[in-house]
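Visitor: model this:
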Amino acid sequence: MIGIVLIGHAHIASQMKEVLQHILGEQPLIATLDITDENNAETLSSQLQMKIRACNVGSGVLLLADMFGGTPCNIAMGCLQKGQVEVVSGFNLPLLIKAASMRDKVDSVADLATLVVTAGRQYICMASDFQAAQTHV
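Guide: Prediction:
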């Protein structure tokens, strides 16, 4: 099974894990790292490496960062390892649910990353566009 590590500003990583488990139940091999003002980059990088190792049982780890270009993502990018650790930024709840649901059904962490990016994008929509499409049917 592919492990998942969430990293994000404030408490978004731990809160997203809590919501995921509310929806899907307890999830193994998922860790979080919340980035607060008290943390320095060196300590965070070390903590992230430990969490990645703890979640990797040989199939790799999908590392989900909250926002591209932010401190959490920049720290995550330092852990990118072809075939073992893939980084996806801009995670949302549909993306996270897809990751947790499919991580034992795909061949590689790269395949999982591709699936979750598609799922994350699919569920981003503007309500008025959806409503307009419904009224034209």
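Visitor: ok, which stretches of this protein are helices?
Guide: 12-24, 41-55, 71-77, 93-102, 109-122, 127-135 (DSSP state H).
Visitor: residue ranges with poor pLDDT in this structure?
Guide: 132-133, 135-137 (pLDDT under 70).
Visitor: Would you tell me which of the helices of the chain gets closest to Q84?
Guide: helix 109-122 (6.8 Å; Cβ to Cβ). C-betas here are computed from N, CA, C, even on glycine.
Visitor: Determine the set of other helices and strands touching the closest one.
Guide: Under the contact criterion of 3 or more Cβ pairs under 8 Å, 6 or more residues apart in numbering; DSSP states H and E, helix 109-122 touches strand 61-65, strand 85-89, helix 93-102.
Visitor: For the first one, which helices and strands make contact with it?
Guide: So that's strand 61-65. Using 3+ Cβ pairs under 8 Å, 6+ apart, strand 61-65 is in contact with strand 3-9, helix 41-55, helix 71-77, strand 85-89, helix 93-102, helix 109-122.
Visitor: Buried deepest among these, which one?
Guide: strand 3-9 (a mean of 25; mean count of other Cβ atoms under 10 Å).
Visitor: Can you give the contact residues for that strand?
Guide: 12-14, 16-17, 27, 29-35, 48, 51-52, 54-57, 59-67, 70-73, 75-76, 91, 96, 99-100, 103 (Cβ atoms under 8 Å, 6 or more residues apart in numbering).
Visitor: Now the terminal residues of stretch 59-76, how far apart.
Guide: 18 Å (Cα to Cα, to the nearest Å).
Visitor: How about stretch 4-13?
Guide: Stretch 4-13 has an end-to-end distance of 11 Å (criterion: Cα to Cα).
Visitor: Please name the residues that touch I75.
Guide: I7, I35, A41, L44, S45, L48.
Visitor: next one: K98
Guide: Residues in contact with K98 (Cβ under 8 Å, 6+ apart) are L115, V116, A119, G120.
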